[in-house]
Structures are given as structure tokens and as C-alpha cells.
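Enquirer: I would like to see how this sequence folds:
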Amino acid sequence: MPNPVLLNNIDHKDLRVITRRGAAYGDQLMAVPTFPAEFRDVQACYPIVFRKTTDGLGFEPLVLFGFQDGENLFLQGERWDAPYVPMMLERQPFLIGLAGNELMINVDLDHPRVSRSEGEEVFKPHGGTTDYLDRANSLLLAIHEGMQGMPGFLQALLDNELLESFTLDVELNDGSQNRMIGFYTINEDRLQALGGDAIVKLHQAGYLHAIYMVIASLSNFRMLIDRKNARLA
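Expert: You can find the predicted model right below:
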């Protein structure tokens, strides 16, 4: 279970963060959440799909790393085999906290990246923040700001009936048949059929670009299948 606490330079003066990659550090994940402002970077490497939230009342966009729980086809030992690491993974072990209306940095003390003996220093010996923590703070701020635009984007997709469920059937080189279900993508036929006013509204809100980034990302399924075959070989 996560153990988030407010980060401070007294209790955590000697805290360090292990930055190398690996399953031992929480990287063995099938997917992580993303947001429209990140879609351009994400779509260059990974498929972007949607799934229903755990309460079943809404949707969230995800970056896919594999086809089943606990599978990350971009993790090669302690190396991440892609030029871009999604922000929701890169931020670990830090989280955004709130103190009144002020954004604060929380740290998950039980995260496997947290150490007292190795990794990047979080605070300088006299209490100032290190460049590493400054970068983490910028990353958390970008995530927070990106998430602020999520409700409007998702509502626009639902209002225009642009989300549709899909099933991905994959036959691997070993002859096994695999089916991935439970995810949603953009209904391209519905998108093409939208009237001019609806398209203009999506464009003016900045949503049309994000929609096309999702569509473009689907070409990465071919590469993901190739990675799966290589892993099985």
C-alpha cells in the first residue's frame, strides 16, 4: 500500500531516489494514465486507449506497455527501451498533495525507489532542494495542469459519441491466440460524420488535435505485437 507523506527537508534530509529502471522499482506495469497535453509525446512510442474508471461512471486515457497485467514490453532489465517515459511513471515516488489550496509535494515512503543509501539526493546538505527535486516538482506541476483539462476533453468525446469499445485479436508467432478486451478508442466513422460546428468547437477547445494523436497512436499496436513476439522467441 502507498504511504504518502508531505515531503520536508527535516524528516527527509537524507532521502534519496533510485532512478534506474526495473521490475523491482515498480516499472512492471501494463499501463499508466495519461492526459491530452501528453498525447503528442506518448503517441510517438505507445498506443493510447481508454478504459472505464473503477467506479464505472467515466473514462480515462491510458498508455499501453503490454497486453496483460504486469507485462511491460518496454522494460529490458534495467533499461527502458523507448525515448520517452510517460509522466505518470516518471514522477514516482512523488505525488501531488494539497495543503489548503496550495500544491505540495508528497513522497510515497514505501515506494521501492525510496532509499537512504543510494540514488539521487532530494535535498542538499543544508536543506535546499536539489536539481533532481526541482525537476520532479516541474513534472508534478505539468501533470497537475494537464489533468485540469481532462474532464472537458472526456465530456466532449462523450457528447459527440466518439468513444467505442474494441476487441484486439492477436495471433503470435508461437501460434497462440490472444484477445484484448475492455478498452475503448475513437470511433473514426463518427468523427468523420460530425458537422462543421462540432468540428470547430473541438478544434477551438484544442481537443481535435488530441483526438488525432489517439488515432495515430494505434499504429503502435503493430510494434507492440512485434515486441511480444520477440519476448517469446
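Enquirer: okay, CA-based contacts and neighbour counts for the rest of this
Expert: OK.
Enquirer: per-domain residue ranges of this protein.
Expert: As given by automatic domain parsing, the domain ranges for the chain are 1-26+92-148, 30-88+166-233.
Enquirer: Same list, those domains, but as a markdown table with distance to Leu158 and mean neighbour count please.
Expert: Formatted as a markdown table, the domains of the chain follow (distance: least, C-alpha to C-alpha, whole Å; neighbours: other C-alpha atoms under 10 Å):
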| stretch | distance to Leu158 | mean neighbour count |
| --- | --- | --- |
| domain 1-26+92-148 | 17 | 16 |
| domain 30-88+166-233 | 9 | 16 |
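Enquirer: would you list the ones you listed in JSON lines and tack on mean pLDDT and distance to Leu157?
Expert: Putting the domains of the chain into JSON lines (pLDDT from 0 to 100; distance: least, C-alpha to C-alpha, whole Å) gives the following:
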{"stretch": "domain 1-26+92-148", "mean pLDDT": "93", "distance to Leu157": "16"}
{"stretch": "domain 30-88+166-233", "mean pLDDT": "94", "distance to Leu157": "8"}
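Enquirer: of all those domains, which lies closest to Gln155?
Expert: With respect to Gln155, and counting by C-alpha to C-alpha, the nearest of the domains of the chain is domain 30-88+166-233 at 9.1 Å.
Enquirer: Can you show me the strands along this structure?
Expert: Along the chain, the segments classed as strands by DSSP state E run 4-6, 16-17, 31-33, 48-52, 59-64, 75-76, 79-80, 94-99, 102-108, 114-115, 120-121, 163-171, 177-186.
Enquirer: looking at those, which is closest to Ser217?
Expert: strand 48-52 (5.9 Å).
Enquirer: Can you name the residues in contact with the closest one?
Expert: Outside strand 48-52, the residues within contact range by C-alpha atoms under 8 Å, 6 or more residues apart in numbering are 39, 42, 58-64, 182-185, 214, 217-218.
Enquirer: now do stretch 201-209
Expert: With C-alpha under 8 Å, 6+ apart, stretch 201-209 has contacts from 36, 153, 156, 199.
Enquirer: any idea which of these is closest to Glu120?
Expert: Proximity of the contacts of stretch 201-209 to Glu120 (C-alpha to C-alpha) peaks at Pro36, which lies at 29.8 Å.
Enquirer: shouldn't Gly97 be in contact with Val107?
Expert: No - checked against C-alpha atoms under 8 Å, the pair Gly97 and Val107 is beyond contact range at 9.1 Å.
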